[in-house]
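**Student:** Okay, sequence plus prediction incoming.
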Amino acid sequence: MSLSGRVDQAQRRFGAFGYPIAVVYKFYDDQGGYLAALITYYGFLSLFPMLLLLTTVLGFVLHGHAGLQQDLVDSALAQFPVIGAELRNDVTQIRGSTSALVVGIVVSLYGSLGVAQALQHALDKVWAVPRQARPNPLLSRVRSLGLVGLLGVGVLVTAGLSAVTTGAGILGADIGPWSRLVAGLLSTVSNAGLFLLAFTLLTAQRPSIRDVWVGAIAAAVGFQLLQTVGAYYLNHRLRGASQVYGTFGLVLGLLAWIYIEAVIVVFAAEANVVRRRRLYPRALLTPFTDDVELTEHDRRAYASYAKGEQFKKHERVDVTFHDPLASPRRPAGNIADPVDSNKEADEEADEAD
């Protein structure tokens, strides 16, 4: 038996190997990189207007308290440890301006709604929710508006906690390692709560908390690790880099930072679906060739992708698989209705739980 065959047998036998491989394969099948890029676009679009809105509101609310205003802005920018210092240098004057407030609200609302819409699309794609079952464009934006406000409160809490762990050194604060550890744990727990809300409320199928808790914790830990690694690179590897690369480096750094965060979110969502619907193990060579014997979980996954393109309730989607080594006229299996196949997968998961 070839090396690939032995590896394939091993990953099919042990779920500890088959599960992460199936998550990566589903990320590839769903074009997760493009989903993350869409989230990145709207995230980048909303960032600077949100900073404009933040500084303008602080200028009104904390008029005459310049030191406190700057500390709050620095705490928010500490969420971007790699390029936060450059952003902080650009935000030099904080004052209330009615025109800036109006512009900041309008553009921030557009960008944040775009992020929520992109997240909804990504989660519905990952869960293979039929297009006819997804909310219409108006309803989805109304729901996004409510969720933006709800999640915004949680983001403020998380931002304050994360600033303690990643921005204390930048701000000149001297806190002990235990305080930093506790703040990091609290930030991770807060992030996990936010992801639980996002993964359940932003998906048209409305999965339960037990369906998404693994991905929520994984995403929260990933975010915290990203903050820690970013702070390390800022303090030890990239000191002075912003002065060398200037605005070009700032833009690229922001795009890369937001994209990595978006990839973490999409991967976490994929992990939820693969776990919930038992879409593992997959055939090892499935993404690379058609000359492979599909597993039951491969067929279930591919059937769900077809189901996700159902535009109308009265539209029927039939999926048929053929043995690649046999005649195309001799079907090796048939999944009559991928909607039913996903339903059966969920029922099997309930029984297993």
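**Tutor:** Nice, thanks for sending it over.

**Student:** Least confident secondary structure element in this protein?
**Tutor:** Every helix and strand in the chain was compared by mean pLDDT, DSSP states H and E; the lowest is helix 168-171, with a mean of 48.

**Student:** Any buried residues in the longest helix belonging to the chain, and which?
**Tutor:** Using DSSP state H, we find that the single longest helix of the chain is helix 241-276. Across helix 241-276, burial judged by 16 or more other CB atoms under 10 Å covers 241-242, 245, 249-250, 253-255, 257-276. Every C-beta, even on glycine, is put in place using the N, C-alpha and C of the backbone.

**Student:** Check stretch 300-312 too.
**Tutor:** Result for stretch 300-312 [16+ other CB under 10 Å]: buried residues 300, 301, 302, 303, 304, 306, 307, 308, 310.

**Student:** Please verify my assumption that the fourth one contacts residue 318.
**Tutor:** No. Applying CB atoms under 8 Å, one finds residue 303 not in contact with residue 318, separated by 9.5 Å.

**Student:** For stretch 198-218, output the C-alpha coordinates as PDB.
**Tutor:** What follows is stretch 198-218 as a C-alpha-only set of coordinates in PDB (Å, rounded to 0.1, in the frame of the first residue of the first chain):
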ATOM      1  CA  ALA A 198     -22.700  35.600  16.400                       C
ATOM      2  CA  PHE A 199     -22.600  31.900  15.400                       C
ATOM      3  CA  THR A 200     -26.200  31.400  16.700                       C
ATOM      4  CA  LEU A 201     -27.900  34.600  15.800                       C
ATOM      5  CA  LEU A 202     -26.300  35.400  12.400                       C
ATOM      6  CA  THR A 203     -27.100  31.900  11.000                       C
ATOM      7  CA  ALA A 204     -30.500  31.600   9.300                       C
ATOM      8  CA  GLN A 205     -30.700  28.000  10.500                       C
ATOM      9  CA  ARG A 206     -30.200  29.200  14.100                       C
ATOM     10  CA  PRO A 207     -28.000  26.400  15.500                       C
ATOM     11  CA  SER A 208     -28.100  25.800  19.300                       C
ATOM     12  CA  ILE A 209     -25.400  26.700  21.700                       C
ATOM     13  CA  ARG A 210     -24.200  23.100  22.000                       C
ATOM     14  CA  ASP A 211     -23.700  23.100  18.200                       C
ATOM     15  CA  VAL A 212     -21.400  26.100  18.200                       C
ATOM     16  CA  TRP A 213     -19.600  26.200  21.500                       C
ATOM     17  CA  VAL A 214     -16.500  24.400  20.200                       C
ATOM     18  CA  GLY A 215     -16.000  26.900  17.400                       C
ATOM     19  CA  ALA A 216     -16.700  29.800  19.700                       C
ATOM     20  CA  ILE A 217     -14.000  28.800  22.200                       C
ATOM     21  CA  ALA A 218     -11.600  28.000  19.300                       C
END
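
**Student:** Please state the mean pLDDT value computed over that stretch.
**Tutor:** In this model, stretch 198-218 has a mean pLDDT of 92.

**Student:** Report the contact partners of the closest residue to residue 222 other than its chain neighbours.
**Tutor:** Ranked by CB to CB, 6 or more residues apart in numbering and with sequence neighbours excluded, the top spatial neighbour of residue 222 is residue 264, at 4.1 Å. Residue 264 makes contact with 219, 222, 223, 226 under the criterion CB atoms under 8 Å, 6 or more residues apart in numbering.

**Student:** Residue 2: which of those is nearest?
**Tutor:** Ranked by distance to residue 2 (CB to CB), the contacts of residue 264 are led by residue 222 at 34.5 Å.

**Student:** Relative to residue 22, how far out is residue 197?
**Tutor:** 26 Å (CB to CB, to the nearest Å).

**Student:** again with residue 149
**Tutor:** 36 Å.

**Student:** on that earlier part again, may I see the contacts of residue 264 organised as TSV, with secondary structure and neighbour count added?
**Tutor:** Shown next, in TSV, are the contacts of residue 264 (DSSP: H, G, I helix; E, B strand; the rest coil; neighbours: other CB atoms under 10 Å):
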residue	secondary structure	neighbour count
219	helix	27
222	helix	20
223	helix	24
226	helix	17
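
**Student:** farthest pair in those?
**Tutor:** Spatial extent of those (CB to CB) is set by the pair 219 and 226 at 10.3 Å.

**Student:** who has more neighbours, residue 197 and residue 22?
**Tutor:** More neighbours surround residue 22 than the other of residue 197 and residue 22, with 27 against 16 (other CB atoms under 10 Å).

**Student:** from memory the more buried one sits against residue 279, does it?
**Tutor:** Yes. Counting by CB under 8 Å, residue 22 does reach residue 279; the two are 5.6 Å apart.
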